[in-house]
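Student: compute the structure for the input listed below.
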Amino acid sequence: MEIIKVYFDFFMFLVRQQMEGASVVVFLMSCIISVLLLIALLACIEKITKRTISVNKKRALILMVVYACFIFQIAFYRRFGTEKSMINTRIYFGLRRYDGTVDEKQVVYSFLNVLFFIPWGVLISSAMDNNFRRIIMTCIYSFLTSLTIEVMQYITQTGVTEVTDLVTNVTGGMIGCVIYILIMTLYKKARGIKEGVQ
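Tutor: Numbering: from 1, shown residues only. Model prediction:
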């Protein structure tokens with residue numbers, strides 16, 4: 001029980017730390033502007049291509065934009081510049097220090113990074129037409145999103161650029177993709193059984 005309490009305390013500490021300084025006003029403003037730009041872009045695409053984008057895909061893209069605003073609010077907007085930019089190329093999840101002990105705080109931090117990107121993976125998958133595209137595009141978009149955050153943090157000196165973050169973020173995105181595929185598979189099977197009974 002003691003070890004669970006240690007991990008839980010670290011988890012709550014890191015959540016509070018990540019949320020500290022986050023602005024609801026900035027988040028809402030960025031959401032509104034981003035969604036309006038997306039709607040305008042989708043309208044232009046439909047007009048140029050003469051093809052209608054499905055309502056489900058539009059809804060998924062809008063939710064993706066909203067969650068992207070949340071991710072960037074947590075990872076970028078709320079922070080202040082440090083003295084100098086840093087790049088950490090070592091992949092370190094905290095499972096084993098040099099002395100053989102576990103770095104509980106780093107383990108929880110890595111878990112939190114994975115957790116933050118699970119909804120991102122679900123949303124990306126919901127915008128795709130088939131499982132192959134879902135897996136490929138979730139991996140690509142999760143990587144590009146995480147890479148963008150890391151590069152922006154380096155340029156603006158608002159955080160340490162870490163390869164570990166790339167790995168954990170992509171992992172979270174892929175877990176979200178798998179969750180979406182499983183849910184949709186079960187849903188379709190359940191609906192097929194229900195329709196068969198009728």
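Student: could you use CA atoms for every contact and neighbour count after this?
Tutor: Noted.
Student: what's downstream of the helix or strand hosting F111, the next helix or strand?
Tutor: According to DSSP states H and E, F111 maps onto helix 104-126. Next helix or strand after helix 104-126 toward the C-terminus (DSSP H and E): helix 131-156.
Student: how many neighbours does V55 have?
Tutor: V55 has 9 neighbouring residues, counting by other Cα atoms under 10 Å.
Student: quick one: it from I45, how far?
Tutor: Distance, V55 to I45, by Cα to Cα, to the nearest Å: 14 Å.
Student: where along this structure do the helices fall?
Tutor: 2-19, 24-49, 55-72, 104-126, 131-156, 163-197 (DSSP state H).
Student: quick one: mean pLDDT over the third one.
Tutor: For helix 55-72, mean pLDDT is 89.
Student: again with the last one
Tutor: When the per-residue pLDDT values of helix 163-197 are averaged, the result is 86.
Student: for V107, list the residues it contacts.
Tutor: Contact analysis of V107 by Cα atoms under 8 Å, 6 or more residues apart in numbering lists F93, G94, L95.
Student: over to F27?
Tutor: With Cα under 8 Å, 6+ apart, F27 has these contacts: C69, F70, Q73.
Student: again, but for Y67
Tutor: W120.
Student: what do you get for I62?
Tutor: Taking Cα under 8 Å, 6+ apart, one finds V35, L38 in contact with I62.
Student: how near is it to A43?
Tutor: In terms of Cα to Cα, I62 sits 13 Å off from A43.
Student: go on, L95?
Tutor: L95 is 48 Å from A43, by Cα to Cα.
Student: M128 too?
Tutor: Relative to A43, and taking Cα to Cα, M128 is found at 19 Å.
Student: more neighbours, these two?
Tutor: M128 (17 against 13).
Student: not counting its neighbours along the chain, what's nearest the more buried one?
Tutor: With Cα to Cα, 6 or more residues apart in numbering as the criterion, M128 has its nearest non-adjacent residue at 5.5 Å, and that residue is R134.
Student: burial count for the one you found?
Tutor: R134: 24 neighbours (other Cα under 10 Å).
Student: let me see the mean pLDDT of stretch 112-123.
Tutor: 93.
Student: what residues does that stretch touch?
Tutor: Under Cα under 8 Å, 6+ apart, the answer for stretch 112-123 is 11, 60-61, 63-64, 67-68, 71, 138, 142, 165, 168-177, 179-180.
Student: residues contacting K57?
Tutor: K57 neighbours (Cα under 8 Å, 6+ apart): S126, A127, M128.
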